[in-house]
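Visitor: Next come a sequence and a model predicted from it.
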Amino acid sequence: MERERLGSRLGFILLSAGCAIGIGNVWKFPYMAGQYGGGAFVLIYIFFLLILGIPVMTMEFAMGRASQKSPLKVCNELEPKGSKWHFYGYGAMIGSYILMMFYTTVAGWMLQYFVKMVKGDFFGLNADGVAACFGEMLANPVPMTIYMVIVVVLGFTVCSVGLQKGLERITKVMMLALLGIMIVLAINSIFMEGSGEGLAFYLLPDFNRMKEIGIVNVITGAMSQAFFTLSLGIGAMEIFGSYIGKERALMGEAVNVAILDTFVALSSGLIIFPACFAYGVQPDSGPSLIFITLPNIFNNIPGGRFWGSLFFVFMTFAAFSTVLAVFEALISCTMDLTGWTRKKASLINCAAILVLSLPCIFGFNIWSAFAPLGEGSTVLDLEDFIVSNLLLPLGSLIVVLFCTIRYGWGWDKFINEANEGKGLKVAEWMRGYMTFVLPVIVLVILILGLI
């Protein structure tokens, strides 16, 4: 069966960026920057993105393009005879399922908040009223389930149409709209009265604040955020690598994706921090920043309902772009495993994800007594811990070793594949770094995550 192809380079870059650009950029990045002292954190984050994210992404793209297979079968094609690297494929597939077990619910929250904003549900509420809205949403499993079902069914419908006609076409429109909305929102925030302090907090490094929090804490926070932001380690990038031709060298493409990803993360900070300071809201209010803090701000600004609706459309697009990318990886793995058609693989996976997403929803209400990671934790926390702290770093460690040691695919085969085509190439001097230093950094992230 002929492997499907993406229609354009822009499609490939936007799809890969769409996978990387998720709730982690637009939700986690601003509140981490808020907690870890603003500008200093941003600088360290960009440094780690360069030395950590881009090399691992280049490797995933190369494995996908060389094998022309889904993440499940990548290593079967490339590994030396008799070796056991192919077990990585099962881990990647399982990781994608667990990620979607909670990500679909959070994407549903974004959609639900967009609807609430459009309807004006937050209008006239004080800060406590807005906080209560979030609590009520979590306590009620029926609407949460309905919005999750909308996300899942819509996602698999798009993917079932085909690669170019469905996934590529929709993602292009959505990503370009996402980037446009961000720029409009950021400009609006920057020109609010009293926004200057927020911009200074976000963009100027504050090393005193960094010392207070602990330099090691800030560095490890930035390192793990740079690592997780690109969705590496569960094969999602390999799938897009397998859909492109040999015209472009792969490190240049990884840089393009990282630039888009960082642009979105930085812009979301430009949207959030000036608004926080303009309205006297703490910028380090953690995960609640988006669901409690921002609706309060939108309540207080002229045209707040419009800006709030636009913001949550943007959040929904960011979440949905990742959902589509991971659904595509699951469909491709299922087709490789079973030989089913795209339509059948989409239908079966759709049913599976609908059922698998329910524990996350019930964890906030029906099963709220179940605290898997200690008091106050939920099913979502457990699922997020398994993916973010265990499977992503472990998968990435396997990818790095597979591409650099002679018992795996090996450096020479990796560099030949990565450097085929025009554009930025992997230099020979990087070999020592990628072979000996990079695996240690990923191992450190894995150990810190487990601690």
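Guide: That came through, no problem.
Visitor: Give me the helices and strands touching the strand or helix carrying Cys403, please.
Guide: Here Cys403, judged by DSSP states H and E, is contained in helix 392-404. Applying 3 or more C-beta pairs under 8 Å, 6 or more residues apart in numbering; DSSP states H and E, one finds that helix 392-404 makes contact with helix 54-67, helix 87-119, helix 215-228, helix 411-418, helix 438-450. C-beta here means a position set from N, CA and C on the backbone, and glycine is covered the same way.
Visitor: Next, format these as JSON lines and append distance to Ala258.
Guide: Shown next, in JSON lines, are the helices and strands packed on helix 392-404 (distance: least, C-beta to C-beta, whole Å):
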{"stretch": "helix 54-67", "distance to Ala258": "5"}
{"stretch": "helix 87-119", "distance to Ala258": "20"}
{"stretch": "helix 215-228", "distance to Ala258": "9"}
{"stretch": "helix 411-418", "distance to Ala258": "15"}
{"stretch": "helix 438-450", "distance to Ala258": "15"}
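Visitor: In JSON lines, list those helices along with mean neighbour count.
Guide: Compiled in JSON lines, the helices and strands packed on helix 392-404 are given as follows (neighbours: other C-beta atoms under 10 Å):
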{"stretch": "helix 54-67", "mean neighbour count": "26"}
{"stretch": "helix 87-119", "mean neighbour count": "22"}
{"stretch": "helix 215-228", "mean neighbour count": "20"}
{"stretch": "helix 411-418", "mean neighbour count": "19"}
{"stretch": "helix 438-450", "mean neighbour count": "17"}
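Visitor: Could you identify which of these has the lowest mean pLDDT?
Guide: Sorting the helices and strands packed on helix 392-404 by mean pLDDT places helix 215-228 lowest, at a mean of 86.
Visitor: What are the contacting residues of that helix?
Guide: 24, 28-29, 32, 35-37, 40-41, 44-49, 52-53, 210, 388, 392-393, 396, 441-442, 444-445, 448-449 (C-beta atoms under 8 Å, 6 or more residues apart in numbering).
Visitor: Out of the residues you listed, which end up buried?
Guide: Buried subset of the contacts of helix 215-228 (neighbour count, 16 or more other C-beta atoms under 10 Å): 24, 28-29, 32, 35-37, 40-41, 44-46, 48-49, 52-53, 210, 388, 392-393, 396, 441-442, 445, 449.
Visitor: List the contacts of stretch 46-56.
Guide: The contact list for stretch 46-56 (C-beta under 8 Å, 6+ apart) reads 222-223, 226-227, 229-230, 232-233, 251, 254-255, 258, 261-262, 396, 399-400, 430, 433-434, 438, 441-442.
Visitor: measure it end to end?
Guide: With C-alpha to C-alpha, to the nearest Å as the measure, stretch 46-56 spans 15 Å from end to end.
Visitor: now do stretch 360-367
Guide: By C-alpha to C-alpha, one end of stretch 360-367 lies 9 Å from the other end.
Visitor: list the buried ones in it?
Guide: Residues 360-364, 367 are the ones in stretch 360-367 that count as buried (16+ other C-beta under 10 Å).
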